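Asker: generate a structure from the sequence data that follows.
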Amino acid sequence: MSRKDDGQRADLYTRITDKIIEDLSNGVRPWMKPWNAANANGRITRPLRHNGKPYSGMNVLLLWSEGTARGYGSPMWMTFKQALELGAAVRKGETGATVVFASRFTKSETDGNGDEVEREIPFLKAYTVFNIEQIGGLPEQFDHRPAPFLDPVERIEHADRFFRNTGAVIRHGGNQAFFAPAADLIQMPHFESFRDAESYYATLSHEATHWVGASHRLNRDLSRYHKERSDRAREELIAELGSCFLCADLGIAPELEPRPDHASYLQSWLSVLAGDKRAIFQAAAHAQRAVAYLHDLQPVGQQDRPAA
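Answerer: Modelled structure (predicted):
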């Protein structure tokens, strides 16, 4: 990879992180923007590709933010080329949104002993997509129709079944929600103590993202959670994003206002993101893996796991 490519990749990390820092500095959690739209409850989904498959990780945040800022009602996006292949065209004057593709390639190098070794090199590539509301001439099946509201009882039953299928030990009592690594259990206040059912399951989604990080599951290093402020902030950012992703998958509105015990993380997130331009990308990737893990625990036939 050339120095020019390295510079472009670093600039992409910086541009996206700086935008998120700007939102956080104004007291806005950008991953919560979609749910702040009028009449959004129950309609939020992950952004979708032209073939109906959901985006994942960082691209969920990018397209949620763009879609909300521009007022699009459709969650579906496609490239200029994909539109042409469908016999359609992006309307003149429209500007696209940036999404990213992260992967690795293997490069052979000679080490200090003269031996040839292979080294994995990560890379990040940006490309442009357009919301289908920016495109004319699409086939009829792309006409946007708002998703029907799910019956509240069905929605909650679905969420209840989802968490039961994970096999996580969930205990109730007290006035705090947390994951206890030593006991390997999720502690939740009683259902009745929450403002509504959605708030309960949104909080449980957050704690389940922590639960997945245990050493015998995805093995995120939680050992310094109570020792280092920055480590705690990173883990809480992962759990917050994981909760948003999972709530979108389950058709549940997350907690729009930070929990009282989490409100202090805003400044910590700003510090982490300002010092590490890759932190938000890493957090989104960890959150995506956590949610995928939870989906994979569902019985065959009940899985609804978003595409990678």
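Asker: from here on, contacts and neighbour counts on C-alpha atoms
Answerer: Will do.
Asker: for residue 25, which non-adjacent residue is spatially closest?
Answerer: Leaving aside its sequence neighbours, residue 25 sits nearest to residue 270 (CA to CA, 6 or more residues apart in numbering; 7.4 Å).
Asker: was I right to think the one you found contacts residue 26?
Answerer: No: the criterion here is CA atoms under 8 Å, and residue 270 misses it with residue 26 at 10.9 Å.
Asker: if you go through the chain in chain order, where are the strands?
Answerer: Under the criterion DSSP state E, strands of the chain are mapped to 77-78, 89-90, 97-110, 116-131, 135-136, 170-172, 178-180, 185-188.
Asker: and the angle for the third one with strand 116-131?
Answerer: Translated: strand 97-110. Using axes from the mean of the first three to the mean of the last three CA atoms, to 10 degrees, the interaxial angle of strand 97-110 with respect to strand 116-131 works out to 170 degrees.
Asker: would you mark the buried spots in strand 97-110?
Answerer: Neighbour-count burial for strand 97-110, with 16 or more other CA atoms under 10 Å as criterion, is recorded at 97, 98, 99, 100.
Asker: distance to residue 208 and pLDDT added to those, as JSON lines?
Answerer: As requested, the buried residues of strand 97-110 are arranged in JSON lines below (distance: CA to CA, whole Å; pLDDT from 0 to 100):
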{"residue": "97", "distance to residue 208": "31", "pLDDT": "95"}
{"residue": "98", "distance to residue 208": "30", "pLDDT": "94"}
{"residue": "99", "distance to residue 208": "27", "pLDDT": "94"}
{"residue": "100", "distance to residue 208": "27", "pLDDT": "92"}
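Asker: mind picking the two most distant members of those?
Answerer: Considering CA to CA, no two members of those lie farther apart than 97 and 100, which are separated by 10.2 Å.
Asker: run a quick check on residue 266 versus residue 24, I expect a contact.
Answerer: Yes: Residue 266 is within contact range of residue 24, at 7.1 Å (criterion: CA under 8 Å).
Asker: off-centre distance for stretch 232-250?
Answerer: Mean C-alpha position of stretch 232-250 versus that of the full chain (CA atoms, centre = their mean, to the nearest Å) differs by 7 Å.
Asker: count of residues packed around the residue nearest to residue 25?
Answerer: Close neighbours of residue 270, defined as other CA atoms under 10 Å, add up to 18.
Asker: likewise for residue 71?
Answerer: Residues contacting residue 71 under the criterion other CA under 10 Å number 11.
Asker: do the same with the one 10 residues further on
Answerer: The number of residues packed near residue 81 is 13, by other CA under 10 Å.
Asker: for residue 230, see how far away it is.
Answerer: The gap separating residue 81 from residue 230 is 42 Å, by CA to CA, to the nearest Å.
Asker: perfect, I'm done here.
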